[in-house]
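Participant: what's the 3D shape of this:
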Amino acid sequence: MALAETGTFHDPDANHVPADWAAIDPAWMTAALTRHHPDVRVDHVTLLMRDHGTNRRARLGLTYAEGTGPETVFLKGVEPGEHQEVHHRNGTLFIEPDLFASDAPLPLDHPAVYRVDIDRPHLDFCVVMEDVCARGADPRDATRPLTPAQVADGLRGLARLHGRYWGFSAATHPTLAWVQTWAPTEGWQVGLRRRVPTGLARADGLLAPGVGAYDADGIVGLWARYVATLGRGPVTLLHGDAHIGNTYVLPGDGVGFLDWQVAHRGGWDQDVAYFLVGALTVDDRRRHEADLVEEYRRSLPAAIRPSADATWLRYRAGAAYGLAIWLSTLGTDGWQRQDVSLALARRYAAAFEDLAAAAALNQLENTS
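Facilitator: So this is what the prediction gives:
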């Protein structure tokens, strides 16, 4: 498990966000690594890969004049323009860098983080993190689903995270006092209402029939009602965006989680339903979901473990979240590949119908 036991390099009063990722100063990179690798001195940094999507990312190769460190590292920052504006509107722009800068323990597999630089006035940041592929990690997306055994491992990891922060608040975890409680904010709804209609048009005739009873406003309305339940308790620290595209599989079938940019405080079911439904084929989900949900429940500490009936109800309602998110993503151009977005929209739509998610949401609202 990659946990930053030695802490992350972070100077909250300084702006060192590099402007040109193709020309990183070796001294800057040396400073990034020294808390984990105190004897290193980087002498050369090579840009190996650069990607511009919802965020900007790069893989860098390193050589050393002194000491031994990682051969490659991964950089992540905000993509200027529309994506930057969306993250800022949704209140998610600085969540990931703030989370890693806090050094809050995350007891599941995730990339170790070496350095965090944040430039709030210019809505920019840079995170230097472990290249998990150097550990043999295999990043996944919807075109390469997980197996039930891999999903079970991921759920056990989420249970460790949720169990550690169960009932968390500003008083119980002051370094995370800034973490927002999930709420159906206007910023989120504006984006969904703009893009879900296009997503529905692109998926016309390809979704489970039960979804056809809802127009775009109805789907966003279900999303908003579901998200409103997430702050009613019990609450915990959520990854918040635990779809399959933010996972990787390690040798031995362990599963880790990338991209913590939507971490929130809220009900455990948002992580569990979003991960489980999107990570499996529809057939595998139908065959194994009851056992997998129970695996998650039993992986929680006994003192906080909800009842089996309460767990199943919350899981069922959670399909409403993924359905709206991936119809919205399908309605964009350039955020995700269309085949990925359509595959996930179809999985969440099938679960929405199979699990009678709308009825579960009605029941959840009446029992919360």
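Participant: Spell out the secondary structure type for the nearest residue to R337 once chain neighbours are set aside.
Facilitator: Nearest residue to R337 in three dimensions, chain neighbours excluded: D141, at 7.9 Å (Cβ to Cβ, 6 or more residues apart in numbering). The way it works is simple: take the backbone N, C-alpha and C, and place the C-beta from them, glycine included. At D141 the chain is in coil, as set by DSSP: H, G, I helix; E, B strand; the rest coil.
Participant: Quick check: D141 touching N246?
Facilitator: No: assessed by Cβ atoms under 8 Å, D141 is found out of contact with N246, at 9.4 Å.
Participant: Among these two, which residue is more densely surrounded?
Facilitator: More neighbours surround N246 than the other of D141 and N246, with 22 against 18 (other Cβ atoms under 10 Å).
Participant: which residues pair with H44 across the strands?
Facilitator: Note on H44: beta-bridge partners by DSSP bridges are T63.
Participant: so what's the most centrally placed residue in the chain closest to, chain neighbours aside?
Facilitator: The residue lying closest to the centre of the chain (Cα atoms, centre = their mean) is D241, at 2.9 Å. Leaving aside its sequence neighbours, D241 sits nearest to V262 (Cβ to Cβ, 6+ apart; 4.0 Å).
Participant: Could you pull out the strands in the protein for me?
Facilitator: For the chain, the strands defined by DSSP state E occupy 9-10, 41-52, 55-66, 72-78, 113-119, 124-130, 138-139, 236-238, 247-249, 255-257, 264-266.
Participant: what's the closest of the ones you listed to G212?
Facilitator: In terms of Cβ to Cβ, the element of the strands of the chain nearest to G212 is strand 264-266, at 29.4 Å.
Participant: quick one: the closest one to chain centroid distance?
Facilitator: Distance of strand 264-266 from the chain centroid (Cα atoms, centre = their mean, to the nearest Å) equals 12 Å.
Participant: same deal with stretch 133-145?
Facilitator: On Cα atoms, centre = their mean, the centre of stretch 133-145 falls 15 Å from the chain's centre.
Participant: quick check: mean pLDDT across it?
Facilitator: If you average the pLDDT over stretch 133-145, you get 97.
Participant: let's have the chain start at 4 instead
Facilitator: Will do, 4 is the new start, and the previous item becomes stretch 136-148.
Participant: and the end-to-end length of that stretch?
Facilitator: This stretch, stretch 136-148, spans 18 Å end to end (Cα to Cα, to the nearest Å).
Participant: Check which residues of that stretch are buried.
Facilitator: 138, 140, 143-145, 148 (16 or more other Cβ atoms under 10 Å).
Participant: now swap in stretch 218-227 and tell me
Facilitator: 219, 222-227.
Participant: Quick one: neighbours of T335, just the number.
Facilitator: Taking other Cβ under 10 Å as the criterion, the count of residues near T335 is 18.
Participant: Could you measure from it over to V230?
Facilitator: Distance of T335 to V230, computed by Cβ to Cβ, to the nearest Å: 20 Å.
Participant: Next one: the closest residue to L149 other than its chain neighbours relative to R288, how far apart?
Facilitator: Nearest residue to L149, sequence neighbours excluded (Cβ to Cβ, 6+ apart): A282, at 4.4 Å. For A282, the distance to R288 equals 8 Å [Cβ to Cβ].
Participant: Give me the more crowded residue out of those two.
Facilitator: Each of A282 and R288 has its neighbours counted (other Cβ under 10 Å); A282 has more, 28 against 22.
Participant: Please give me every residue in contact with the more buried one.
Facilitator: 143, 148-149, 153-154, 157, 246-247, 250 (Cβ atoms under 8 Å, 6 or more residues apart in numbering).
Participant: How about T95?
Facilitator: 264-265.
Participant: Check what pLDDT it gets.
Facilitator: On the pLDDT scale, T95 gets 80.
Participant: which residues of the stretch 204-353 of the chain fall in helices?
Facilitator: For the stretch 204-353 of the chain, the helices defined by DSSP state H, counting those that start in this stretch occupy 219-232, 272-282, 285-302, 311-320, 322-333, 341-357.
Participant: Contacts made by the fifth one with the rest, please.
Facilitator: Counting by Cβ under 8 Å, 6+ apart, the neighbours of helix 322-333 from elsewhere in the structure are 194-195, 198-199, 201-203, 205-206, 214, 219, 222-223, 225-226, 228-230, 246, 273, 276-277, 280-281, 338-339, 341, 344-345, 347-348, 350-352, 354-355, 358, 360-361, 364.
Participant: Buried only: go through those for me.
Facilitator: Burial by neighbour count, judged by 16+ other Cβ under 10 Å, picks out 194-195, 198-199, 201-203, 206, 214, 219, 222-223, 225-226, 228-230, 246, 273, 276-277, 280-281, 338-339, 344-345, 347-348, 350-352, 354-355, 358, 360-361, 364 from those.
Participant: Buried residues in stretch 21-40, which are they?
Facilitator: Going by neighbour count (16+ other Cβ under 10 Å), the buried part of stretch 21-40 is 21, 24, 27, 29, 31-37, 39-40.
Participant: err, stretch 230-247, not the other one
Facilitator: Applying 16+ other Cβ under 10 Å to stretch 230-247 flags 230, 232-234, 238-247 as buried.
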